[in-house]
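Engineer: Attaching a predicted model along with its sequence, questions to come.
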Amino acid sequence: MRGETDRLVDTGLIEGAVVDLVVRAANAATVVDAQRLVAEFRGFSGVRSAGIVPAVAPVAGALDLLERLPVGPAQWGQELRVEFSAAPARAELLAAAAEIAAAADRGLARACRAIPPPPLHGAPLTWAITTGSRSLILSVDPERGWSALSDSFTAVLGYDRHRPPEFRLVDLVHPDDRPAAVALFLAGCAGRSPERAVDLRLCTAGGRWRTMEVVSRSFVDDAEVGTVVFFAVDVTGQRESERTARIEQQRLARLVETMDDGLLMLDEQGRVCLANRAAHKLLNTGVLEVSPEHDPDDPAPADWAGIIERTIARLGPEAFRVERLRTGFRTRRAVVGEELAFADGRVLELDLVPVTVPGRLGTDGGTLVHLRDVTARVAVRRGLEERSRGLEERNQALVEAAALNNEFIASVSHELRGPLSSVVAFSHLLGDSTSGELSEDQRTYLSVIDRNANRLLRLIEDLLLLSRLEARTLQLKPVPTRLPELLGVAVTERRPAAAAAGIELVLDCPDGSDGPELVCDDTRVHQVVDNLVSNAVKFTRSGGRVTVTAWPGPDGEGWSVAVADSGVGIPAADLPRLFSAFFRGSNVTAAVGREVMPGTGLGLVVSRAIVELHGGSISVASTEGVGTTVTLSLPTRPARIGG
């Protein structure tokens with residue numbers, strides 16, 4: 001046992017050994033000698049541990065019994081660290097420890113000197129391999145100094161190995177890396193050859209830093225060699241690539257962690273090797289803080305098998321979808337947009353994407369699982385679907401109501417047309433002179449009856465036609481038609497009424513032989529033109545003018561017809577509603593200098609329906625108080641025959 005009782009064994013013997021150790025330390029010439037003295041010092045009673053270690057190494061033990069003695073310059077970061085068992089032992093042995101530290105300090109200074117390379121003995125092949133090696137080979141003789149054995153020292157660093165630089169070997173090392181370099185040498189002087197390589201930055205002759213991967217081999221116990229040999233490979237480009245890759249990996253990890261969507265990476269066995277915070281949150285794993293990279297040394301890794309089983313159990317009736325995902329994983333087939341509805345109302349959308357390793361065709365790189373919470377989106381979609389179904393039902397009800405309405409109008413109009421036709425016929429008979437003489441009042445009454453009966457009959461005809469157009473049951477009867485001739489007939493029919501109202505009615509149209517021939521329902525087109533001319537005459541003051549103009553369409557395809565008047569015009573606010581059924585302009589009562597029979601509000605509606613049934617179009621341009629122009633375009637052939 002070591003401790004304070006050790007002093008009681010033989011104080012004189014201990015004192016003699018300490019004196020001997022101090023003397024030998026004072027005469028020690030190399031670091032190897034110092035390391036051997038350290039090993040001997042560890043065997044002394046009262047010393048619990050002793051060793052030359054980096055100054056940044058963790059400190060253990062009782063601080064009041066610990067001695068830390070610097071070895072070499074402070075920037076080299078080495079110290080002799082000794083832990084004593086008791087205060088008396090510290091007092092007796094501290095001088096020896098200080099002398100050993102001084103010996104190590106002297107030895108380091110000697111080993112750092114540069115010397116020419118020694119002659120290589122042995123086979124020529126050995127010489128060729130050593131000097132021509134890709135690695136930098138440095139031999140450090142603890143007593144004499146260091147030398148370069150391979151030509152790579154010159155090729156990589158730019159120094160002449162046969163005439164090495166005057167400065168110390170450690171001066172070639174970057175200041176931040178010097179503690180690691182000195183520790184590597186100290187280990188070699190202790191007879192150890194560390195297994196792990198160390199990265200050291202060495203300064204070139206041009207003042208640039210090259211990163212070298214360095215390993216050391218100790219031959220200090222070999223009487224024929226007696227050196228520590230360093231092998232260094234230039235890894236500057238490799239470390240830069242690794243640094244860049246590490247930065248990109250860190251950026252990717254941060255990106256993955258900041259995503260609101262969950263990401264899981266599965267290996268080829270289906271085990272989770274990466275999971276971001278969003279994935280833990282979406283799957284309710286209970287893990288709040290996770291690393292974006294899988295850590296196999298994590299003392300408490302997430303139980304993903306249990307997590308997945310609990311997740312499947314929460315799916316309820318939707319669990320059957322999991323088999324589709326498993327099949328996709330086994331067959332390495334992508335599954336996109338799979339929705340999983342949980343019993344608590346949440347809905348997750350999942351993508352399963354097989355990953356291949358770039359440059360290695362067919363190599364399994366695992367499977368990426370992309371999770372999104374689409375609960376709100378699904379709720380909106382379902383609401384829209386329900387609303388759409390409701391709209392479809394209401395639309396169908398409206399269609400049925402419209403059909404019933406058209407059927408009712410058609411039925412009522414048909415029933416009214418017969419009696420009204422009789423009223424009109426008999427009013428004509430009453431007005432016939434052969435039926436007897438009528439007084440002036442009787443003729444006035446008969447004129448009112450005839451005029452209103454005809455108006456009602458015209459209204460009924462328009463209603464019947466409109467109902468057929470809306471029900472799409474009106475069939476066109478297209479025939480080859482010369483539009484100039486049709487317009488001439490329509491204008492001629494309205495000239496008496498225009499003349500009676502003091503209005504000039506003009507037709508401006510090419511000769512009948514000019515322009516394309518229309519294939520149209522001439523009766524319906526005549527009805528449209530008659531409606532437009534009638535309206536123009538009706539709302540134009542005496543002395544005004546109504547012009548019907550026609551011209552062939554571009555490339556001789558179809559016709560355009562414009563009916564322009566200098567009448568009262570239409571208020572701008574009324575223009576958007578002109579083609580609404582039963583709509584009449586707000587200024588229809590404007591004075592035109594004569595009595596005007598009010599319209600039904602169906603003429604333009606019926607006209608547009610007929611024109612569009614032919615595949616054409618109709619438009620209105622009007623300025624109140626100036627006049628109105630209605631323009632219609634008709635194709636050479638109707639777009640469809642039926643409604």
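Structural biologist: On my side now, so go ahead. Residues are numbered from 1 along each chain as shown.

Engineer: pLDDT weak spots in the stretch 401-550 of the chain?
Structural biologist: Scanning the stretch 401-550 of the chain for pLDDT under 70 picks out 402-418, 420-436, 450-473, 512-514.

Engineer: Show me the strands in the stretch 501-643 of the chain, by range?
Structural biologist: 504-508, 518-520, 545-552, 559-565, 617-623, 627-634 (DSSP state E, counting those that start in this stretch).

Engineer: right, and the ones you listed - which one's nearest residue 114?
Structural biologist: Across those, residue 114 has its closest neighbour in strand 617-623 (99.5 Å, CB to CB). Backbone N, C-alpha and C define where each C-beta goes, glycine included.

Engineer: who does that closest one touch, helix- and strand-wise?
Structural biologist: helix 603-613, strand 627-634 (3 or more CB pairs under 8 Å, 6 or more residues apart in numbering; DSSP states H and E).

Engineer: among those, which is nearest residue 553?
Structural biologist: Per CB to CB, nearest to residue 553 of the helices and strands packed on strand 617-623: strand 627-634, 6.9 Å.

Engineer: For residue 212, what is the enclosing helix or strand?
Structural biologist: Using DSSP states H and E, the secondary-structure element containing residue 212 is strand 209-218.

Engineer: Which residues does that strand contact?
Structural biologist: Contacts with strand 209-218, where a contact means CB atoms under 8 Å, 6 or more residues apart in numbering, come from 136, 156-157, 174, 181, 184-185, 187-194, 197-204, 228-236, 239.

Engineer: any idea of the mean pLDDT in that strand?
Structural biologist: What strand 209-218 shows for mean pLDDT is 94.

Engineer: buried set for that strand?
Structural biologist: Going by neighbour count (16 or more other CB atoms under 10 Å), the buried part of strand 209-218 is 210-216, 218.

Engineer: For burial, what's the neighbour tally of residue 35?
Structural biologist: 26 (other CB atoms under 10 Å).

Engineer: Also the one 10 residues further on?
Structural biologist: Residue 45 sits with 20 neighbouring residues when counted by other CB under 10 Å.

Engineer: now do residue 54
Structural biologist: Neighbour count of residue 54, defined by other CB under 10 Å: 15.

Engineer: How about residues contacting the helix or strand encompassing residue 52?
Structural biologist: Residue 52 belongs to strand 47-54 when elements are defined using DSSP H and E. Strand 47-54 has contacts (CB under 8 Å, 6+ apart) with 2, 34-35, 38, 41-42, 61, 65, 71, 77-85, 89, 93, 97, 104, 179-180, 183, 186, 190.

Engineer: Neighbouring strands - and their directions - for that strand?
Structural biologist: Taking DSSP bridges as the criterion, strand 47-54 forms sheet pairs with strand 78-84 (antiparallel).

Engineer: Residues in contact with the strand it pairs with: which ones?
Structural biologist: Under CB under 8 Å, 6+ apart, the answer for strand 78-84 is 38, 41, 46-55, 57, 59-62, 65-72, 90, 93, 97, 100-101, 104, 179, 182-183, 186.

Engineer: Ok, stretch 502-518 next?
Structural biologist: 480-485, 487-488, 491, 494-495, 498-499, 525, 533, 537, 540, 542-553, 556-559, 593, 634, 636.

Engineer: residues of it that come out buried?
Structural biologist: Quick answer for stretch 502-518 (16+ other CB under 10 Å): 503, 505, 507, 509, 515-516, 518.

Engineer: now, which of these sits nearest residue 387?
Structural biologist: residue 518 (45.9 Å).

Engineer: Now do the one helix or strand residue 100 maps to, average pLDDT.
Structural biologist: Here residue 100 sits within helix 87-111, counting by DSSP H and E. Helix 87-111 carries an average pLDDT of 90.

Engineer: What are the buried residues along that helix?
Structural biologist: 89-90, 92-93, 96-108, 111.

Engineer: Any chance of the buried residues of stretch 502-518 in JSON lines with distance to residue 474 as columns?
Structural biologist: Output for the buried residues of stretch 502-518, formatted as JSON lines (distance: CB to CB, whole Å):
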{"residue": "503", "distance to residue 474": "32"}
{"residue": "505", "distance to residue 474": "29"}
{"residue": "507", "distance to residue 474": "28"}
{"residue": "509", "distance to residue 474": "27"}
{"residue": "515", "distance to residue 474": "27"}
{"residue": "516", "distance to residue 474": "25"}
{"residue": "518", "distance to residue 474": "18"}
